[in-house]
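Colleague: next one to model:
(chains A and B)
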Amino acid sequence: MDKDGKVRARFAPSPTGALHIGGAHTALFNWLWARRTGGTFILRIEDSDAERSTAGYEDTIMDGLRWLGLDWDEGPDKGGGYAPYRQSERMSVYRKYADELLEKGLAYRDDGAVIFKVPSGVSLLMRDAIYGDIKIQSEKASVSQDGSVKDIVIIKRDGMPTYNYAVVVDDHEMDINWVIRGEDHISNTPKQMLLYRAFGWDMPNFAHLPMILGKDKKKLSKRHGATSVFEYGDLGYLPDSIFNFLALLGWSPGGGAEIFDRNVASESFELSKVTKKPAVFDIDKLNFVNQEHLKIMDPAVKKKIIEPFWVKLGLSPEKHSDQYLMDALVLMGARGRTTRELAEFSDYFVSFAPVKARYDASEVGFEQREPLKKFFAAFMGIPNWDAEEMEAFARNWCRANGTPLKEIALPLRWAMTGRKVSPGIFEVVQLLGPDECQTRLKYYGFLE
RNA sequence: GGUCCCAUCGUCCAGCGGUCUAGGACACCGCCCUUUCAAGGCGGCGACACGAGUUCGAACCUCGUUGGGACCGCCA
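Modeller: Numbering: from 1, shown residues only, chains lettered A, B, ... in the order given. Next comes the predicted model:
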């Protein structure tokens, strides 16, 4: 704890790509812990590798975090009491401390680089909030492929600090007292502990998170399809769902609750309850979580979110009133697991064009068309354009003519939606309105 | 190859020595509802990796085996 006893946790991505699922998961748990404890969540950009880092990705990562609803209290864009928050701007600090190690005789120069001498015979005990105590001997902290002890480069030949060194200096300088990161960093921790020890600094609390694996149980990567959080957005997943789903990978709020929002999560989050076992990213579960969030979403908000997806399908939702579109989405109910599916499945409310593209009524022969024409002629004359009355009318007509209801419900559905499935067809017809209904029926020759 | 870590249904989580013939969720399969499909309701399938201990008693503790993962860059 720092002097205030408050948690200071950070997410320290390297700007070499968009925010990916693994990074989002790490950021999320840091955020949860900071929010849960009333602490501070810091964003630090680890761009010490000029070759691979780009300013553009820094923005992309920040956009990704914002999209997920993970707000930070200190960072390169908003400053804070420990600025600068970009490693590329902290060079003097790294040099200063490297000199200190050089003076103490704990490091040496070699070929322009500064190298930390790994001591032997030191027992390291890392107390991980999730994994428990892990003991390791200093000579095993940094090893070459051949098994020999390898001293740790802290300043590269080009003058830039290495990751293991910069993290320690930054975390110390920024009073970071909780280092929460992926399990792939466990093996780096002893190296970093050696550095803390050399400087005589207090060590932060460590907490390593379980990895997220693909279906093949391998570390999630591009091979597994979408990796950046924005790709999931394009696919039709809500930020709330990604947040919820990611939080469920390695943790659960207890009580069987699986669908929750950021507030609930940040109120009940407990680092000690985080799982150790790597978790497989299961798209089926994500779909379910997304559908659940879609179900509880306010129609007005939902309309706003679906609109761009309709546009992407080449439709023009702006030709309709907000109320009409909202009504259409309410009718759609829980159909569609993603916003993209929901937009596709409801396209016929926005325009007749996709209906025509899907359906041509060619399978309806003369002998079926004639009775349909009779029915629809009467149907269009219904006094009140109301779903319940329509259904009652249709049922009566069918009973009187000895026809099953589906004989007219199915063709009607096809003509209205171009699909074999839809919400209750009379409700669809009611919402589409008499004019549109007539237009579609006539187009298919179901009405004179 | 070396070091470290992990191990409950296909998947995600509960379980933290007795209430476990192991619970929930997703997926899957039935049935109900129904003009269709979702949703909803009901039911089914399905796991403590294995072997030794410790203990009156082990999914929970210890050790071993097996399996899986991560890391071993002057990348982060």
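
Colleague: can the lengthiest helix in chain A be found next to RNA strand B?
Modeller: The helix that spans the most residues within chain A, counting by DSSP state H, is helix A:21-37. No: looking at helix A:21-37 against RNA strand B by C-beta under 7 Å from any atom of the strand, there are no contacts, and the closest approach is 9.6 Å. Heads up, the C-betas are built off the backbone N, CA and C, glycines and all.

Colleague: residues near the spatially closest residue to residue A:216 that is not a sequence neighbour, how many?
Modeller: Closest residue in space to residue A:216, ignoring its immediate chain neighbours: residue A:224 at 7.8 Å, by C-beta to C-beta, 6 or more residues apart in numbering. One way to gauge burial is a neighbour count; for residue A:224, by other C-beta atoms under 10 Å, it gives 17.

Colleague: pLDDT wise, what is residue A:186 at?
Modeller: Model confidence at residue A:186, given as pLDDT, is 95.

Colleague: near it, how many other residues are there?
Modeller: Residue A:186: 16 surrounding residues under other C-beta under 10 Å.

Colleague: repeat that for residue A:404.
Modeller: 10.

Colleague: what helix or strand does it sit in?
Modeller: Under the assignment given by DSSP states H and E, residue A:404 is not contained in any helix or strand.

Colleague: can I get the longest helix of chain A in PDB, CA atoms only?
Modeller: What follows is the C-alpha trace of helix A:21-37 in PDB, where atoms were taken according to Å, rounded to 0.1, in the frame of the first residue of the first chain:
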ATOM      1  CA  ILE A  21      -9.000  -9.900 -25.800                       C
ATOM      2  CA  GLY A  22      -6.200 -10.900 -23.500                       C
ATOM      3  CA  GLY A  23      -5.200  -7.300 -22.900                       C
ATOM      4  CA  ALA A  24      -8.800  -6.300 -22.300                       C
ATOM      5  CA  HIS A  25      -9.100  -9.100 -19.800                       C
ATOM      6  CA  THR A  26      -6.000  -7.900 -17.900                       C
ATOM      7  CA  ALA A  27      -7.200  -4.300 -18.000                       C
ATOM      8  CA  LEU A  28     -10.600  -5.300 -16.800                       C
ATOM      9  CA  PHE A  29      -9.400  -7.100 -13.700                       C
ATOM     10  CA  ASN A  30      -7.100  -4.200 -12.900                       C
ATOM     11  CA  TRP A  31     -10.000  -1.800 -13.300                       C
ATOM     12  CA  LEU A  32     -12.200  -4.100 -11.100                       C
ATOM     13  CA  TRP A  33      -9.700  -4.200  -8.300                       C
ATOM     14  CA  ALA A  34      -9.100  -0.500  -8.400                       C
ATOM     15  CA  ARG A  35     -12.800   0.300  -8.400                       C
ATOM     16  CA  ARG A  36     -13.600  -2.300  -5.900                       C
ATOM     17  CA  THR A  37     -11.100  -1.000  -3.400                       C
END
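
Colleague: is the next helix or strand after that helix positioned near RNA strand B?
Modeller: Along the chain past helix A:21-37, the next helix or strand (assigned with DSSP H and E) turns out to be strand A:40-43. No: among the residues of strand A:40-43, none lie within reach of RNA strand B under C-beta under 7 Å from any atom of the strand; the closest is 13.2 Å away.

Colleague: now do residue A:90, the pLDDT please.
Modeller: We have a pLDDT of 96 for residue A:90.

Colleague: distance check, the residue nearest to it when sequence neighbours are not counted against residue A:130.
Modeller: Spatial nearest neighbour of residue A:90, chain neighbours left out: residue A:84 (5.9 Å); criterion: C-beta to C-beta, 6+ apart. In this structure, residue A:84 and residue A:130 are separated by 30 Å, where distance is defined by C-beta to C-beta, to the nearest Å.

Colleague: higher neighbour count, these two?
Modeller: Neighbours of residue A:84 and residue A:130, each counted by other C-beta under 10 Å, are more numerous for residue A:130; the result is 20 against 14.

Colleague: OK, contacts around the more buried one?
Modeller: By C-beta atoms under 8 Å, 6 or more residues apart in numbering, residue A:130 lies in contact with A:207, A:208, A:209, A:210, A:271, A:272, A:274, A:276.

Colleague: want to throw the residues you listed into a markdown table with pLDDT, secondary structure and distance to RNA strand B?
Modeller: As requested, the contacts of residue A:130 are arranged in a markdown table below (pLDDT from 0 to 100; DSSP: H, G, I helix; E, B strand; the rest coil; distance: C-beta to the nearest atom of the strand, whole Å):
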| residue | pLDDT | secondary structure | distance to RNA strand B |
| --- | --- | --- | --- |
| A:207 | 97 | strand | 13 |
| A:208 | 97 | strand | 8 |
| A:209 | 96 | strand | 10 |
| A:210 | 95 | coil | 6 |
| A:271 | 94 | helix | 11 |
| A:272 | 92 | helix | 8 |
| A:274 | 96 | coil | 7 |
| A:276 | 95 | coil | 4 |
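
Colleague: filter these down to the buried ones, PyMOL style.
Modeller: Provided next is the PyMOL selection string for whichever of the contacts of residue A:130 are buried by 16 or more other C-beta atoms under 10 Å:
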select buried, chain A and resi 207+208+209+210+271+274
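
Colleague: could you identify the most distant pair in the contacts of residue A:130?
Modeller: The widest separation within the contacts of residue A:130, taken as C-beta to C-beta, falls between A:210 and A:272 and amounts to 13.9 Å.

Colleague: quick one, strands of the stretch 151-300 of chain A?
Modeller: The residue ranges that make up the strands of the stretch 151-300 of chain A, judged by DSSP state E, counting those that start in this stretch, are A:152-155, A:178-182, A:205-209, A:212-213, A:279-280.

Colleague: can you name every helix or strand that the first one contacts?
Modeller: In terms of contacts (3 or more C-beta pairs under 8 Å, 6 or more residues apart in numbering; DSSP states H and E), strand A:152-155 is packed against helix A:91-103, strand A:113-116, helix A:163-173, helix A:189-199.

Colleague: rerun that using 6 Å as the cut-off
Modeller: Under the contact definition 3 or more C-beta pairs under 6 Å, 6 or more residues apart in numbering; DSSP states H and E, strand A:152-155 sits against strand A:113-116.

Colleague: list of residues touching the strand it packs on?
Modeller: The set of residues external to strand A:113-116 that reach it, using C-beta atoms under 6 Å, 6 or more residues apart in numbering, is A:98, A:107, A:108, A:151, A:152, A:153, A:154, A:155, A:156, A:157.

Colleague: roughly how far does whatever residue is furthest in space from the centre of chain A sit from RNA strand B?
Modeller: The C-alpha centroid of chain A is most remote from residue A:400, which lies 54.8 Å away (C-alpha atoms, centre = their mean). As judged by C-beta to the nearest atom of the strand, to the nearest Å, residue A:400 and RNA strand B stand 16 Å apart.

Colleague: now do residue A:361
Modeller: Using C-beta to the nearest atom of the strand, one obtains 17 Å as the distance from residue A:361 to RNA strand B.
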